[in-house]
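A.B. asks: The amino acid sequence is not available; the structure is as follows:
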């Protein structure tokens, strides 16, 4: 929590590690799907992508993102923007995720 009573960007990022892509079984942060997080006046804005534009789990992941962040103290509103640029590639994964999937 910051002095303003809202969560820090890092607190939001850690909460998002609890949101998993159900097809890959790995969290969206380490998969590299979260491009940006902004926190201001109790509003959290998340810019993210999916592994493919036709991702069948897109609604599930987006809703899970909203729900998990809304649970944080000091959050009054959550906006999730799904973008396609830059397109996701396996290079965006954390080193741990790359090892898990055999890319490292």
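C.D. replies: Thanks, I have it. It should be emphasised that the depicted structure is a prediction, and the values quoted were computed from it without experimental measurement.
A.B. asks: Just list the residues touching the residue nearest the centre of the chain, thanks.
C.D. replies: The residue lying closest to the centre of the chain (CA atoms, centre = their mean) is residue 34, at 4.1 Å. With contact taken as CB atoms under 8 Å, 6 or more residues apart in numbering, residue 34 is in contact with 13, 16, 28, 46, 47, 48. All C-beta spots, glycine's among them, are computed from the backbone N, C-alpha and C.
A.B. asks: What's the ChimeraX line that selects buried ones from these?
C.D. replies: Remark: buried members of the contacts of residue 34, expressed as a ChimeraX selection using 16 or more other CB atoms under 10 Å:
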select :16,28,46,48
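A.B. asks: Now flag whichever of the contacts of residue 34 is closest to residue 72.
C.D. replies: Comparing these against residue 72 with CB to CB places residue 16 closest, at 10.3 Å.
A.B. asks: So what sits opposite the residue nearest to the centre of the chain in the bridge?
C.D. replies: residue 48 (DSSP bridges).
A.B. asks: Next one, pLDDT for it please.
C.D. replies: We have a pLDDT of 98 for residue 34.
A.B. asks: how much space is there between it and residue 5?
C.D. replies: Distance of residue 34 to residue 5, computed by CB to CB, to the nearest Å: 23 Å.
A.B. asks: The nearest residue to residue 103 once chain neighbours are set aside: neighbour count?
C.D. replies: Spatially, and ignoring its direct neighbours in sequence, residue 103 is nearest to residue 90 (5.4 Å; CB to CB, 6 or more residues apart in numbering). Residues lying near residue 90 (other CB atoms under 10 Å) number 14.
A.B. asks: so who does residue 90 touch?
C.D. replies: Shown in contact with residue 90 (CB under 8 Å, 6+ apart): 98, 101, 103.
A.B. asks: Test my guess that residue 15 contacts residue 66.
C.D. replies: No: the criterion here is CB atoms under 8 Å, and residue 15 misses it with residue 66 at 11.4 Å.
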